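# Provided below for reference: sequence and predicted model.
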Amino acid sequence: MRNNYFKREHRGGLLTESNHIKCGLYSLKAIQYVFERCHYEPHEFLMEHVEVLNKWVKREATTGEAMIASREVHQVAKTLNGFEKDIYRAVGHGIGTAHMADHLLGVPLYGLKALKIKDSIEEDIDWFFLVLKTLMNHLKRF
């Protein structure tokens with residue numbers, strides 16, 4: 001069962017539109033962090049799909065467009081192995097945040113898997129938790 005903090009208000013949850021956008025912004029930030037820490041130069045295909053999420057947070061793309069972009073990235077991920085597969089999975093989940101806010105948790109999950117292949121991940125775990133904690137504090141309702 002989904003946590004109501006991640007479920008949009010119009011679906012019976014507690015997540016406002018502005019907080020959903022914050023989740024998308026977190027995903028963009030986390031994706032960029034993974035690219036930088038992995039020293040990964042994303043392919044044009046991947047950047048075009050990340051741009052859909054960027055447009056969604058600006059309300060220039062629809063949730064449906066983001067869903068399609070997320071699925072396309074996951075389809076490519078199925079054809080890959082190891083490090084690059086985890087990068088694509090992280091990005092696919094990040095884009096999927098536009099559809100379901102809790103998909104944002106896939107970015108650190110798969111991002112850390114990719115980073116673990118490349119390097120030690122202790123400082124990366126700390127970074128993801130700090131940013132997630134900050135996001136959660138912004139999403140709380142009082």
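Yes, it's here.
# need the longest helix for the protein.
Criterion DSSP state H: the longest helix present in the chain is helix 17-37.
# Off-centre distance for that helix?
6 Å (C-alpha atoms, centre = their mean, to the nearest Å).
# Provide a list of residue ranges in this structure with pLDDT below threshold.
Counting by pLDDT under 70, the chain shows low-confidence ranges at 1, 118-120, 140-142.
# if you set the cut-off to 50 instead, what comes out?
For the chain, the stretches with pLDDT under 50 are 142.
# Tyr40 falls within a helix, correct?
No: read with DSSP: H, G, I helix; E, B strand; the rest coil, Tyr40 is coil and lies in no helix.
# so how far is Ala77 from the residue nearest to it when sequence neighbours are not counted?
Distances taken as C-beta to C-beta, 6 or more residues apart in numbering put Ile87 closest to Tyr40, at 5.9 Å, once the chain neighbours are dropped. In this view, the C-beta of every residue, glycine as well, is placed from N, C-alpha and C. Note on Ile87: its distance to Ala77, by C-beta to C-beta, to the nearest Å, is 8 Å.
# of those two, who's got more company?
Between Ile87 and Ala77, counted using other C-beta atoms under 10 Å, the more crowded position is Ile87 (27 against 19).
# in the one helix or strand the more buried one maps to, what's buried?
Here Ile87 sits within helix 82-96, counting by DSSP states H and E. Neighbour counts over helix 82-96 (16 or more other C-beta atoms under 10 Å) mark 83-96 as buried.
# List the contacts of it.
27-28, 30-31, 34-35, 38, 40, 42, 46, 49-50, 52-53, 66-67, 69-71, 73-74, 76-77, 80, 103-111, 113-114, 117-118 (C-beta atoms under 8 Å, 6 or more residues apart in numbering).
# Brilliant, that's me finished.
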